[in-house]
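Novice: The following comprises the amino acid sequence and a computationally predicted model.
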Amino acid sequence: MLSAIMDLKNELGTRRYKHIFLDAEGTLYVPKGGRSRWEFWANPSPEGAELFFELDAGVEDALRKLRRKAQTLGLVSWNSEPVLRALLRKFNLREYFDCILINGDKGKKIEGYLLKKGLRKEEAIMVGDMPNLDLYPLRKAGIDAILVDREYNWYAKAERIKGINELPDWLRIADLADRIEKDNGHNSTLDDFLSGDEPRKPPTKSLIASAGS
């Protein structure tokens, strides 16, 4: 048992991002049939939400993987509490999360949570779909963020994944990029993983959208 705990601590110690925060609507679950979310919010209710939304592809499997690897897994949402509670119950998601932060500036919410827990914000990342809620406030707070690629957020400059189902693999690449950067003393790029044993220089494409970008 002690050996397993030590292995887990060693593994967590090598991770670029130990504290993962996820948006809910548009990230974990989406409107059925490509409908507009505003159709629901014109007349919202917990009962209506259960009929209107569905989990995005691969979310449950991704959350299981994230739960095993992350030190902190949090949900940060602007949904009304009754709607969010109903959907978490419907999709059986509540058990995955260490914390649920509702409403308010997401950058400040996450920063405050990390401060309270004595955690480093340099080891945290937010994943969402709305640049004004899930990207810019996080950058302002000095916390990294990436976007789930949606047609309505095309204008925002950020690292992107197609869905939460890609997040575990993206985090593994981020771990590798961090190790290469520490070993070689330069900012890692996607080219580093396509060029064999020796990383190519200079970097040409940013792998990680950081808070300062």
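Specialist: Perfect, I can see it now.

Novice: tell me the average confidence for stretch 17-26?
Specialist: Per-residue pLDDT over stretch 17-26 has a mean of 98.

Novice: Equivalent analysis for stretch 133-152, please.
Specialist: For stretch 133-152, mean pLDDT rounds to 98.

Novice: Just the buried residues of it, please?
Specialist: 133-139, 141, 143-148, 150 (16 or more other C-beta atoms under 10 Å). C-betas here are computed from N, CA, C, even on glycine.

Novice: right, and the helix or strand after the strand or helix carrying residue 38?
Specialist: Using DSSP states H and E, the element containing residue 38 is helix 37-41. Sequence order places helix 46-52 as the next helix or strand after helix 37-41, per DSSP H and E.

Novice: and residue 74, backbone torsions?
Specialist: phi -120, psi 160 (degrees, to the nearest 10).

Novice: now swap in residue 73 and tell me
Specialist: phi -130, psi 110.

Novice: same check, this time on residue 155
Specialist: Torsion angles, degrees, to the nearest 10, at residue 155: phi -80, psi -20.

Novice: Excluding covalently adjacent residues, which one is nearest to it?
Specialist: Leaving aside its chain neighbours, residue 155 sits nearest to residue 131 (7.6 Å; criterion: C-beta to C-beta, 6 or more residues apart in numbering).

Novice: now swap in residue 179 and tell me
Specialist: Nearest to residue 179 is residue 14, by C-beta to C-beta, 6+ apart, at 7.3 Å.

Novice: For the one you found, grab the count of nearby residues.
Specialist: Per other C-beta atoms under 10 Å, the neighbour tally for residue 14 reads 10.

Novice: packing partners for the helix or strand containing residue 147?
Specialist: For residue 147, the element it lies in under DSSP H and E is strand 144-148. Here strand 144-148 touches strand 124-128, helix 136-140, strand 160-161, going by 3 or more C-beta pairs under 8 Å, 6 or more residues apart in numbering; DSSP states H and E.

Novice: Using CSV, please lay out those together with distance to residue 174.
Specialist: CSV is the format used below for the helices and strands packed on strand 144-148 (distance: least, C-beta to C-beta, whole Å):
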stretch, distance to residue 174
strand 124-128, 8
helix 136-140, 16
strand 160-161, 11
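
Novice: Out of these, which is closest to residue 106?
Specialist: helix 136-140 (5.2 Å; C-beta to C-beta).

Novice: could you pull out the helices for the chain?
Specialist: Secondary structure of the chain (DSSP state H): helices at 2-13, 37-41, 46-52, 59-69, 81-91, 106-117, 136-140, 167-184.

Novice: Out of the ones you listed, name the one with the poorest average pLDDT.
Specialist: helix 2-13 (a mean of 43).
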